[in-house]
Structures are given as C-alpha cells and as structure tokens.
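In: Here is my input, please return the structure:
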Amino acid sequence: ETTLPHRSRFAAIPPSRFQHTQALAEIIVHSLVAAHRDRCTVPFFQGDGEARIDVVSHTFYPDCFFQFALAGKQFNIYFEIDQSTESIDSNAEQSIRTKLLNYEAYQDSLVAWWKGQGERGTRPFFRAVFLTRSQERAYHILWLAQTCARNADRHLVYAAAQDAYLTESGALQSPLFIDHHGRWHSLVNLHPS
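Out: Now for the predicted structure:
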C-alpha cells in the first residue's frame, strides 16, 4: 500500500552526473553528521529530485532540502551543488540565474500566502545555499543574486566553497556562508545579529 519511489531511484546514474551525485552525497552525509554533533534534529529531509517547488506555472527541483531544528527554532535550507558546469548568467533552464529567480519567486509566494492567512505563526522563510567548487565562483553567484533580488534587504541566498563546508566539523553553526550583502552567516543561527 506504500507508494514506491520513482523508478529512477533504482536506475544507473549517468556518467555525466557522477561528480554531482558524489558531491551531493558527501554534503548530505556531512550535514547529518554536523547536525548530530550540534544536537540539531532533522525533522524533514528531501533528497535529490524529491524537493519539488512550483512557482508561476514552473516546477524546479533543488538538489536537496534540510529542515534543521534547534532550541525550538526551525531552519529551512535548500542546497544547490554547483560543479561549475552550468552557466551563471544565462536564461537556460538549469542556469544559476534561472534558479535564483525561481527561489525569489518562491519566497515571494510563501510570504504572500502567509499574509493571506492573517500573518499567523512565524513568517515562512528558507535559505538557498549554493556550494561551489571555488570561492571566486561563489562571489560571482552572489553578485548575480544581488542583481536578481526582488527585495534587496532579504538574505535569501548564501554561498560557500564545497571544500570549506566539508572540512568544517561544525558546519551548521560556523559562519562559513556569505550573502549578497557581504555578510557572513551560519545555517543554524539561534542569535542572528
């Protein structure tokens, strides 16, 4: 009676996706280990191809989604693993620009829904985290995030180098991530300044 996963879950990984799949697996495992170390719970997780976001008659799939919880607070994080194979600034479906615009539209729709509900509960928010192969590419992504931002004050997109994330044992609570304002952040921050 249980709904089975899509058959692609059991298919061979195409050679063009080997590096991406390996990097994503390392980031998922490292995030879970860091959550355990920091006593964060993971109430919700969606892996590759499971996190579906519908915006303006368009559907996209982040690489993975984590919901971390600590001290009664929730932190919603969509991860995008960038292997430097996609164009940063083009209108292609898989370009960084398209992903950034989709995240902006999705955040706008969540806020509109929350306001339509009479602003009950906490304001819905998430972070879109781009983990890249180099810090220089992370800066390029953040520059583009700044130009795509519908609300310049919103801290929606974070970026960091994959190696910096994977070598930090306290990866969730260490300020490894930079936003398009040039401010450093952690993924799980109980006391944001």
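
In: and the residue lying closest to L32 once chain neighbours are set aside, how many neighbours?
Out: In this structure, L32 finds its nearest non-sequential neighbour in V42, 6.7 Å apart by C-beta to C-beta, 6 or more residues apart in numbering. Just so you know, the C-beta spots here come from the backbone N, C-alpha and C atoms, and that holds for glycine as well. Number of residues near V42 (other C-beta atoms under 10 Å) recorded here: 13.

In: Return the distance of V42 relative to Q107.
Out: 22 Å (C-beta to C-beta, to the nearest Å).

In: returning to that earlier point: and the residue nearest to L32, what are its phi and psi?
Out: Dihedral pair for V42: phi -120, psi 80, per degrees, to the nearest 10.

In: So for it, what's the pLDDT?
Out: V42 is assigned a predicted lDDT (pLDDT) of 97.

In: Isn't it up against I28?
Out: No. Using C-beta atoms under 8 Å, V42 makes no contact with I28, being 10.4 Å away.

In: Identify the residues contacting the residue nearest to L32.
Out: 32, 35, 66-69 (C-beta atoms under 8 Å, 6 or more residues apart in numbering).

In: just Q74 next, same as before
Out: Q74 neighbours (C-beta under 8 Å, 6+ apart): 43, 67-68.

In: residues of the helix or strand containing it that come out buried?
Out: Under the criterion of DSSP states H and E, Q74 resides in strand 73-81. Neighbour counts over strand 73-81 (16 or more other C-beta atoms under 10 Å) mark 74-81 as buried.

In: so which of the contacts of V42 comes closest to K99?
Out: F66 (17.3 Å; C-beta to C-beta).

In: what does whichever strand or helix holds that closest one rub up against?
Out: Here F66, judged by DSSP H and E, is contained in strand 64-70. With contacts defined as C-beta under 8 Å, 6+ apart, strand 64-70 is touched by 24, 27-28, 31, 35, 38-48, 50-51, 74-79, 172, 187-188, 190.
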